[in-house]
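Novice: No sequence on hand, only this structure:
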């Protein structure tokens with residue numbers, strides 16, 4: 001296939017990749033803090049709050065992301081009485097679905113990071129006279145994020161690939177334009193080009209997280 005053809009299909013596919021990147025940025029920026037809040041809720045001494053957070057995490061991790069996206073996009077408007085007020089723009093609905101889903105995964109990652117911290121760290125903080133706020137912000141949280149960072153990086157790479165699910169809710173992203181070109185031109189080249197674009201995005205993201213990991217390691 002000629003270079004001219006690749007150049008021709010690359011422009012709309014890059015436009016679709018912009019939608020992919022936008023969804024990733026919105027989802028990662030919102031779901032990570034929300035996941036941390038869920039972790040705190042799970043560990044809360046207020047039992048109903050803890051049970052509610054655990055139930056939420058169980059449901060979001062136990063059902064497919066695609067099902068959640070379809071429910072938000074097409075199921076919510078069908079609810080009696082309130083359905084007409086829950087009609088969302090497809091991209092907004094997709095962002096909401098990704099945020100709610102990945103927050104549950106990040107919550108479990110952060111919970112694992114907290115559990116991995118040695119109890120001696122808490123005791124040492126008390127010996128040094130640190131109050132609870134100082135112990136949490138200066139000792140516990142930095143160690144938790146350092147421990148959780150590789151898992152967060154891995155989940156973020158998965159998020160990039162999962163953005164292809166936008167296609168299922170009719171949001172024109174990278175895969176949408178690739179399949180359109182395949183059906184129109186009867187060639188697999190657009191799929192190959194889409195795969196290369198995904199690989200480039202995940203490579204850049206991996207390099208960013210490796211840089212962050214090095215910074216944490218030497219702090």
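Specialist: It's in. The structure displayed is predicted, hence computed values, not measured ones. Numbers count the residues shown, from 1 in each chain.
Novice: State the mean pLDDT of the top helix by length along the chain.
Specialist: Ranked by number of residues, the top helix in the chain under DSSP state H is helix 3-42. On average, the pLDDT along helix 3-42 is 90.
Novice: where exactly do the helices run in this structure?
Specialist: Under DSSP H, the chain gives helices at 3-42, 47-62, 65-70, 90-115, 119-127, 132-134, 141-162, 174-185, 189-217.
Novice: any idea of the angle the longest helix of the chain forms with helix 141-162?
Specialist: 140 degrees (axes from the mean of the first three to the mean of the last three CA atoms, to 10 degrees).
Novice: Quick one: list the elements packing against helix 3-42.
Specialist: helix 47-62, helix 90-115, helix 141-162, helix 174-185, helix 189-217 (3 or more CB pairs under 8 Å, 6 or more residues apart in numbering; DSSP states H and E). The way it works is simple: take the backbone N, C-alpha and C, and place the C-beta from them, glycine included.
Novice: Any idea which of those helices gets closest to residue 69?
Specialist: Residue 69 lies closest, by CB to CB, to one member of the helices and strands packed on helix 3-42: helix 90-115, at 4.3 Å.
Novice: Quick check: buried residues in the closest one?
Specialist: Buried residues in helix 90-115, counted by 16 or more other CB atoms under 10 Å: 90-91, 93-111, 113-114.
Novice: From the chain's centroid, how far away is that helix?
Specialist: Here the centre of helix 90-115 is set off from its chain's centre by 6 Å, with CA atoms, centre = their mean, to the nearest Å.
Novice: angle of that helix against helix 141-162?
Specialist: 140 degrees.
Novice: could you say what helices and strands helix 90-115 packs with?
Specialist: Against helix 90-115 (3+ CB pairs under 8 Å, 6+ apart) you get helix 3-42, helix 47-62, helix 65-70, helix 141-162.
Novice: Quick one: the helices of the chain as a markdown table, columns for distance to residue 79 too.
Specialist: Shown next, in a markdown table, are these (distance: least, CB to CB, whole Å):
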| stretch | distance to residue 79 |
| --- | --- |
| helix 3-42 | 23 |
| helix 47-62 | 17 |
| helix 65-70 | 14 |
| helix 90-115 | 14 |
| helix 119-127 | 46 |
| helix 132-134 | 42 |
| helix 141-162 | 26 |
| helix 174-185 | 28 |
| helix 189-217 | 35 |
